[in-house]
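Participant: Pasting the sequence and the predicted model now:
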Amino acid sequence: MNNYFVILAAGKSKRFQKKIPKQFYIYKNKEIVDHSIEKSVGTKLFKKIIVVTNNIKYFKKKKIHNSVKILKGGKERSDSSLIALKYLKKFKPNNILIHDAARPDFTIKLLKKLLNHLKKNIAVVPYINSKDSIKYKFKKELFNLQRENTYLAQTPQAFKFRKLYELAINEKNKITDEATLFINKNKKIKFIKGENTNVKITFQNDIRVNKTFFGIGFDIHRLKKNKKLYLGGVKIPFHSGLKGHSDGDVILHAITDAILGAIGKKDIGTYFPNTKKFKNIRSPKMLKPIIENLYKSNLSINNLDINLICEQPKVSKYRDKIINSISNLTNLNKDLINLKGKTVEKLGLIGKEKAIACEVVISITKYE
Ligand code: ZN
């Protein structure tokens, strides 16, 4: 495995009409560029992943996997691509995949297919046919192009490193993808069927949204001496823990119920009844399968708003830890999780520190 993956994320996104660069816009729970990074890291197919960007500051606050290298980009896409190739030369790569960060929806299946075809080819490029009729203007004349003979080239595109390097270093013109280098020099490209869902996000309305749902979750558990206290999946030092069939984690239970509420799938007790099987179950184990099913159905969480209702412990002391934990469990960007602490003026069960309650509101969107 001597494969390297390059993600080009240096575009200026002039057509996107948002203040932040497109690559950092939140799409399906995370910044657009993170989709490509996480997928390429997750496959373990690549020795190194190179991200070329002109927005290094956006990466400073991210936790970056140690196989990922961030490089400062150039003026044009082709400059950024060349910067990555020059950096990688010393590693003597066999295979290289070049990808535009603006396509977050490629599949791992496609990556494997590209690498497979690269065994017998020097350049492998995924394409789809146009759905629109294409006219081509040459000098002052217009031509009709046959749809079935037109190739819309996508990324990632896969190459033998040495050949690509040689062509790229000698190219004087601006190019919009690496396939162009091969076509300009009449070199053979193996075109393979791309993916209709692997859309390039150029304009803001390329992000197609189907429908948004809301859900509400509430939970309360009594406090009990000599039990460990878990809130949001975090163990909190406290004189008591929460009594219940499980670890009594009110935050995770309320989140689970809010999700189920939003998608109309009853409640947590339906999936995790008070049976022997689930005795003392940790709540992350209950939340996880619900989250996995959610993402499999192309649903994604927009945000979570949480009220933790108790006198003690003080939420402010554990807020970051709890948000981190929820972010890991839900695969949701931390900025989309809000946690508020609420006391009840020492009133009632909660005020006398005999119970802790939690309420959650969630928004979930189904993407096309
Ligand atoms: Zn509960």
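Facilitator: Cool, got the structure. Residues are numbered from 1 along each chain as shown.
Participant: Looking at the stretch 1-150 of the chain, which residue is nearest the ion?
Facilitator: As assessed by CB to the ion, the ion sits closest to Asn29 within the stretch 1-150 of the chain, at 24.8 Å. Every C-beta, even on glycine, is put in place using the N, C-alpha and C of the backbone.
Participant: One more: the stretch 151-300 of the chain?
Facilitator: Taking CB to the ion, the stretch 151-300 of the chain has His253 as its residue nearest the ion, at 3.5 Å.
Participant: Got phi/psi on that residue?
Facilitator: Note on His253: its backbone torsions stand at phi -70, psi -40 [degrees, to the nearest 10].
Participant: Tell me the pLDDT of it.
Facilitator: Among the per-residue scores, His253 holds a pLDDT of 97.
Participant: Now do stretch 46-60, average pLDDT.
Facilitator: Across stretch 46-60, pLDDT averages out at 92.
Participant: buried sites along that stretch?
Facilitator: Within stretch 46-60, the residues that qualify as buried are Phe46, Lys47, Lys48, Ile49, Ile50, Val51, Val52, Thr53, Asn54, Asn55, Tyr58, Phe59, counting by 16 or more other CB atoms under 10 Å.
Participant: List, out of those residues, those positioned next to the ion.
Facilitator: The subset of the buried residues of stretch 46-60 lying close to the ion, counting by CB under 5 Å from the ion, is empty.
Participant: Which of the residues you listed fall in helices?
Facilitator: Tyr58, Phe59 (DSSP state H).
Participant: check which helix or strand covers the closest residue to His253 other than its chain neighbours.
Facilitator: In space, and not counting its chain neighbours, His253 is closest to Asp219: 4.1 Å by CB to CB, 6 or more residues apart in numbering. Assigned by DSSP states H and E, Asp219 falls within strand 209-225.
Participant: where's the residue nearest to His253 relative to Ala355, distance?
Facilitator: 10 Å (CB to CB, to the nearest Å).
Participant: Just want to know which of the two has more residues nearby.
Facilitator: Asp219 (23 against 20; other CB atoms under 10 Å).
Participant: give the contact list for the more buried one.
Facilitator: Under the criterion of CB atoms under 8 Å, 6 or more residues apart in numbering, the neighbours of Asp219 are Val250, Ile251, His253, Ala254, Asp257, Ala357, Cys358, Glu359.
Participant: of all the residues in the stretch 251-368 of the chain, which ones are close to the ion?
Facilitator: Counting by CB under 5 Å from the ion, the stretch 251-368 of the chain sits next to the ion at His253.
Participant: hmm, 8 Å instead?
Facilitator: Within the stretch 251-368 of the chain, the residues that sit near the ion (CB under 8 Å from the ion) are His253, Ala254, Ile268, Ser283.
Participant: For Asp335, the count of nearby residues, please.
Facilitator: For Asp335, the count of nearby residues is 11 (other CB under 10 Å).
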